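Enquirer: have a look; sequence and predicted model below, questions after that.
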Protein chains: 4
Amino acid sequence: MKDVQIIVTGGTIDKVYDPTSESLIFAKDDTSQIPGILSIGRCHFTHLHQIMQKDSQVFDNAERAAIVEAVQNASPSAIVVTHGTATLELSARWLAERVSGKTVVFTGAMRPYSLGLSDGGFNLGGAIIAAQILPEGVYGVMNGRVFEAAHLHKNTEEGRFDI
Amino acid sequence: MKDVQIIVTGGTIDKVYDPTSESLIFAKDDTSQIPGILSIGRCHFTHLHQIMQKDSQVFDNAERAAIVEAVQNASPSAIVVTHGTATLELSARWLAERVSGKTVVFTGAMRPYSLGLSDGGFNLGGAIIAAQILPEGVYGVMNGRVFEAAHLHKNTEEGRFDI
Amino acid sequence: MKDVQIIVTGGTIDKVYDPTSESLIFAKDDTSQIPGILSIGRCHFTHLHQIMQKDSQVFDNAERAAIVEAVQNASPSAIVVTHGTATLELSARWLAERVSGKTVVFTGAMRPYSLGLSDGGFNLGGAIIAAQILPEGVYGVMNGRVFEAAHLHKNTEEGRFDI
Amino acid sequence: MKDVQIIVTGGTIDKVYDPTSESLIFAKDDTSQIPGILSIGRCHFTHLHQIMQKDSQVFDNAERAAIVEAVQNASPSAIVVTHGTATLELSARWLAERVSGKTVVFTGAMRPYSLGLSDGGFNLGGAIIAAQILPEGVYGVMNGRVFEAAHLHKNTEEGRFDI
């Protein structure tokens, strides 16, 4: 049994509804939804490292460098990164050029977990399995599919990742 | 990209609350929850074959033979079987002795999907990924872990599968 | 603005799913769902008095006497009693003969609140309003209707209260 | 037993999450959440009249005149209006000056019903009860309280209606 490290960066999966602004925001105290998803999934063995709570639209190389650093510092070789879907494919490809010796699986959601009826639990469940059984490399798991970093592509119209 | 066949047998994941008897039953018309889980997971590429809606406590060799037959008749080599947790390990080991040339992943849930806050989506998301990337063999995916059939063991007290 | 006292007795509204026995039970520490329903309803002004966590099938005069006592001891005159639906009408009529000077509204649910998609919030929201605006007497509020105690009747087949 | 007419105008209660724009919108085909709330509440006797799906921030006298007309044309004397919370108090006071012979109860939600954990069901359950038992007049029911139109006041900071 491998240890699995989860690196939390924010993204849609972590958004919550704010009744004052009537919009979706990150929780004011930056609380992540990921521990709740793991608890509902009765998944008790992962290690969590929350490095930020940001929309991936705003990511540039500074955020990506922070992910690389968190991956390199992680003691497990099986790693899941929760990430916004907007630039998930860019971050995955950036990491693929900079990280070796680890299995890194990016995932996220099209609908915030806190709104119910979210794909977040299904995706995280898949990513955690993938991180344990795929060979070294950088991947994305979304909506039942595994993609190598080079082949990740968000189909915004359909609301999923496709070839 | 592999096709994935899902074989539905019932189990806790598929139970619904019946307000008349105030208990958990299978839907009177045997409707499964699995299509709803896939839809929420935005997973659109699987093939579904519902062979029964039963508690796995009542399974004996007749039910297991029906699963073997459905697995052998499935055209995809990547197969997920949704199953009650009570005898999931027995069915997996029975299949491991009788099926070859396929990757068969058993999964289920500790809490019915229709009650909300269920591990069913997390588990199914993991099983669908596992079926696509594991080598031939029979496995179980529960709560973030993959087990070979021989090592599947329900820890009833903790409500999960553990070594 | 009237104060409202909520007297909690258990019933379906308060049941939770137990993955070990795969059945619906009261929480092992007798925690009620009612505070959660009030919080989701953003209803912050009620007083809560939990006197038991029991199925109303098992109620006899001892449980009904305990409800009478809690009603009589309550300082607000507007009172809601959460109660199982099986004998809700019997308890309401028993109270109608023994309590005066208060507006007592019985309510409950056909589906446990903790399972999601429950009528519990809708019913409790109605009962709290009814307790504030109805004249003295004993009533039931279920599924959008107000009934005087004498006219409460559970239609088990339809899963609601009807004339 | 009184008939109850529900007039649907939109507001937060009816918003849904749109994964493409990652924001809250009215359903593209203007489908309302109110029938779903009534179904979960097992409330089967109301009449529904959807006159628009709009944010109440954009309401001016044209929208308010449409509500007046729908109220006057309704055959039941017990009426619930679902409405955005932003200008709910303005619409209620406008109606109070123009409608007589009916009991009109405004309600809505601080959190969209479709996101789960919403106050919408609790509020609608209260409004439907209030419409049947209050005397003629215009009222608001929110979060367990009944207010006459003149005393309705949204406390945006607390996210509820208060005196």
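Expert: On my side now, so go ahead.

Enquirer: use CA for all of it now, contacts and neighbours both
Expert: Will do.

Enquirer: got a list of what A:G125 touches?
Expert: A:G41, B:G121, B:F122, B:N123, B:L124, B:G125, B:G126, B:N143, B:G144 (CA atoms under 8 Å, 6 or more residues apart in numbering or on different chains).

Enquirer: any idea of the pLDDT on it?
Expert: We have a pLDDT of 98 for A:G125.

Enquirer: before we move on, what SS does it have?
Expert: Classification of A:G125 by DSSP: H, G, I helix; E, B strand; the rest coil places it in helix.

Enquirer: where's it relative to chain C, distance?
Expert: 20 Å (CA to the nearest CA, to the nearest Å).

Enquirer: gap between that residue and A:N143?
Expert: 10 Å (CA to CA, to the nearest Å).

Enquirer: try A:S56
Expert: 19 Å.

Enquirer: more neighbours: these two, which one.
Expert: Counted by other CA atoms under 10 Å in any protein chain shown, A:S56 and A:N143 do not tie: A:N143 has more neighbours, with 31 against 21.

Enquirer: so where is chain A shaky, pLDDT-wise?
Expert: Applying pLDDT under 70 to chain A picks out residues A:163.

Enquirer: so which residue is dead centre in it?
Expert: Most central in chain A under CA atoms, centre = their mean is A:T82, positioned 1.5 Å from the mean C-alpha point.

Enquirer: show me where chain A has its helices.
Expert: Using DSSP state H, the helices of chain A run over A:34-40, A:61-73, A:88-96, A:120-133.

Enquirer: now whatever residue of chain A ends up closest to chain D: closest residue in space, sequence neighbours ignored.
Expert: Residue of chain A nearest chain D, by CA to the nearest CA: A:L115 (4.3 Å). Spatial nearest neighbour of A:L115, chain neighbours left out: D:L115 (4.3 Å); criterion: CA to CA, 6 or more residues apart in numbering or on different chains.

Enquirer: how many neighbours does the one you found have?
Expert: By other CA under 10 Å, neighbour count at D:L115 equals 21.

Enquirer: surely it meets A:G116?
Expert: Yes. The pair D:L115 / A:G116 is scored as a contact, 6.1 Å apart, by CA atoms under 8 Å.

Enquirer: so which residue of chain A comes closest to chain C?
Expert: Taking CA to the nearest CA, chain A has A:G116 as its residue nearest chain C, at 10.6 Å.

Enquirer: distance of that residue relative to C:T9?
Expert: Counting by CA to CA, the separation of A:G116 from C:T9 is 30 Å.

Enquirer: look at these two and report which has more neighbours.
Expert: Of the pair A:G116 and C:T9, C:T9 is the one with more neighbours under other CA under 10 Å, namely 25 against 16.

Enquirer: which residues does the more buried one contact?
Expert: For C:T9, the contact set (CA under 8 Å, 6+ apart) comprises C:Q50, C:I51, C:M52, C:Q53, C:K54, C:V81, C:T82, C:H83, C:G84.

Enquirer: repeat the analysis, applying 7 Å as the threshold.
Expert: Listed by CA atoms under 7 Å, 6 or more residues apart in numbering or on different chains, the contact partners of C:T9 are C:Q50, C:I51, C:M52, C:Q53, C:K54, C:T82, C:H83.

Enquirer: what is the burial count for the second one?
Expert: Here the neighbour count serves as a burial measure; for C:I51 (other CA under 10 Å) it reads 14.

Enquirer: what residues are up against it?
Expert: C:I7, C:V8, C:T9.

Enquirer: once you drop chain neighbours, what's closest to the second one?
Expert: Once its chain neighbours are removed from consideration, C:V8 has its nearest residue in C:Q50; the separation is 4.4 Å (CA to CA, 6+ apart).

Enquirer: which ones are touching that neighbour?
Expert: C:Q50 neighbours (CA under 7 Å, 6+ apart): C:I7, C:V8, C:T9.

Enquirer: if we go to 10 Å?
Expert: Shown in contact with C:Q50 (CA atoms under 10 Å, 6 or more residues apart in numbering or on different chains): C:I6, C:I7, C:V8, C:T9, C:G10, C:D30, C:T31, C:S32, C:I34, C:A70, C:V81, C:T82.

Enquirer: number of residues surrounding A:M1?
Expert: A:M1: 9 neighbours (other CA under 10 Å).

Enquirer: over to A:A70?
Expert: 20.

Enquirer: so what's the residue count around the spatially closest residue to it that is not a sequence neighbour?
Expert: Using CA to CA, 6+ apart and skipping residues adjacent in sequence, the residue nearest A:A70 is A:I7, 7.3 Å away. Residues lying near A:I7 (other CA under 10 Å) number 24.

Enquirer: A:I7 against A:T82, yeah?
Expert: Yes. Under the criterion of CA atoms under 10 Å, A:I7 makes contact with A:T82 at 6.3 Å.

Enquirer: what sits in contact with each of those two?
Expert: Contacts common to A:I7 and A:T82, judged by CA under 10 Å, 6+ apart, are A:I34, A:Q50, A:F106.

Enquirer: quick one: the closest residue to the first one other than its chain neighbours from A:Q33, how far?
Expert: The spatially closest residue to A:I34, leaving aside those adjacent along the chain, is A:D14, at 7.3 Å (CA to CA, 6+ apart). From A:D14 over to A:Q33 the distance is 5 Å, taken as CA to CA.

Enquirer: with neighbour numbers in mind, choose between the two.
Expert: Using other CA under 10 Å, the more surrounded residue of A:D14 and A:Q33 is A:D14, with 30 against 20.

Enquirer: winner for burial among the helices of chain A?
Expert: Of all the helices of chain A, helix A:120-133 carries the top mean neighbour count, a mean of 30, counting by mean count of other CA atoms under 10 Å in any protein chain shown.

Enquirer: list the contacts of the residue in chain A that chain B sits nearest to.
Expert: Residue nearest to chain B within chain A (CA to the nearest CA): A:G126, separated by 3.8 Å. By CA under 10 Å, 6+ apart, the residues touching A:G126 are A:105, A:107, A:120, A:140-146, B:121-130, B:144.
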